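Engineer: Below are the sequence and a predicted model for it; my questions follow.
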Amino acid sequence: MSTLHVLSHSPFGDDRLTSCLRLIGSADALLLSGDAVYALQAGTAPFSALQSRQIKLLVLAEDAQARAIDVPAWAEAIDYPAFVELSIHHDKVNSWL
Amino acid sequence: MAKSLLIISRQSPWSGPAAREALDIVLAGGAFDLPIGLLFLDDGVLQLSAGQNAKALQQKDLSANLQALPMFGVEELFYCAESASTRGLGTLSLDEAQPLAAEQITALIDRYDQVITL
């Protein structure tokens, strides 16, 4: 069983990302959308936390572009059709509202 | 066979409607005999604090609704042990809720067909 975790809130001043990383499973994936892409701001604590975890990490490309966030090589930038496909390929989607 | 649903409630009890809304989903699901579970995570564990009194805030008592969960057939009640200890929670108002470690929460999410995190 695999879960796609979806975050859309900024990791600064909010602990969704921290909690998600604590309980994400090895078969799971994490998608960053909206303000959650700020977690990939180089040199920050959320960036280091993501880099050291080596989970399957996806980022909505347009949200990253809009916020001037460079997507690192260990993450994958995707578009909305790929997001839909990803949702189907996982058994469930957990959106951290 | 109805799909099983896990609600993850991670908002504190009196700062807004989120805690009550999560609980309403669970109670509604229980009333319709859905296989439903409830996990308190992050600030959500603060809903379980014993001795809360929101009368002066003129809000209805959330803990009374929590006590009703087993009566509505919701017996799968859990909370994140780490969230509770970080927030210094001692006595909890809901005896039926079981503490879970992070890896047990991973397994819990795996076990359900659908998950809603509020």
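Structural biologist: Cool, the structure landed. Numbering: from 1, shown residues only, chains lettered A, B, ... in the order given.

Engineer: Only C-alpha atoms from now on, for both contacts and neighbour counts.
Structural biologist: Will do.

Engineer: Report the contact partners of residue B:60.
Structural biologist: Residues counted as contacts of residue B:60 (C-alpha atoms under 8 Å, 6 or more residues apart in numbering or on different chains) are residue B:54.

Engineer: quick one: secondary structure of it?
Structural biologist: coil (DSSP: H, G, I helix; E, B strand; the rest coil).

Engineer: Which parts of the chain are helices?
Structural biologist: Using chain A. Under the criterion DSSP state H, chain A contains helices at A:16-23, A:45-53, A:61-66, A:80-89.

Engineer: try again with chain B
Structural biologist: Going by DSSP H, chain B shows helices at B:18-31, B:62-68, B:81-86, B:102-111.

Engineer: what's the neighbour count on residue A:56?
Structural biologist: 16 (other C-alpha atoms under 10 Å in any protein chain shown).

Engineer: wait, it sits on residue A:28?
Structural biologist: Yes - between residue A:56 and residue A:28 there is a contact at 7.1 Å, judged by C-alpha atoms under 8 Å.

Engineer: Within range of chain B, give me the residues from chain A.
Structural biologist: A:1-3, A:15, A:19, A:22-25, A:91-97 (C-alpha under 8 Å from any C-alpha of the partner chain).

Engineer: so residue A:4 touches residue A:85, yeah?
Structural biologist: No - judged on C-alpha under 8 Å, residue A:4 makes no contact with residue A:85 at a distance of 11.2 Å.

Engineer: What is the least confident helix or strand in chain A?
Structural biologist: When each helix and strand of chain A is scored by mean pLDDT, DSSP states H and E, helix A:61-66 comes last, with a mean of 93.

Engineer: Mind listing residues that contact that one?
Structural biologist: If you take C-alpha under 8 Å, 6+ apart as the criterion, helix A:61-66 is touched by A:33, A:34, A:35, A:37, A:38, A:70, A:71, A:77, A:78, A:79.

Engineer: Among the residues you listed, name the buried ones.
Structural biologist: A:33, A:34, A:35, A:37, A:38, A:71, A:77 (16 or more other C-alpha atoms under 10 Å in any protein chain shown).

Engineer: and which of the residues you listed is nearest to chain B?
Structural biologist: Comparing the buried ones among the contacts of helix A:61-66 against chain B with C-alpha to the nearest C-alpha places residue A:33 closest, at 15.9 Å.

Engineer: OK, contacts around that closest one?
Structural biologist: By C-alpha under 8 Å, 6+ apart, the contact set of residue A:33 is A:6, A:7, A:8, A:9, A:59, A:60, A:63, A:64.

Engineer: got a list of what the second one touches?
Structural biologist: The neighbourhood of residue A:7, defined by C-alpha under 8 Å, 6+ apart, consists of A:16, A:17, A:30, A:31, A:32, A:33, A:36, A:95, A:96, A:97.

Engineer: And the lowest-mean-pLDDT helix or strand in chain B, what's buried?
Structural biologist: Among the helices and strands of chain B, helix B:62-68 carries the lowest confidence by mean pLDDT, DSSP H and E, at a mean of 85. For helix B:62-68, a neighbour-count test (16+ other C-alpha under 10 Å) marks B:62, B:63, B:66 as buried.
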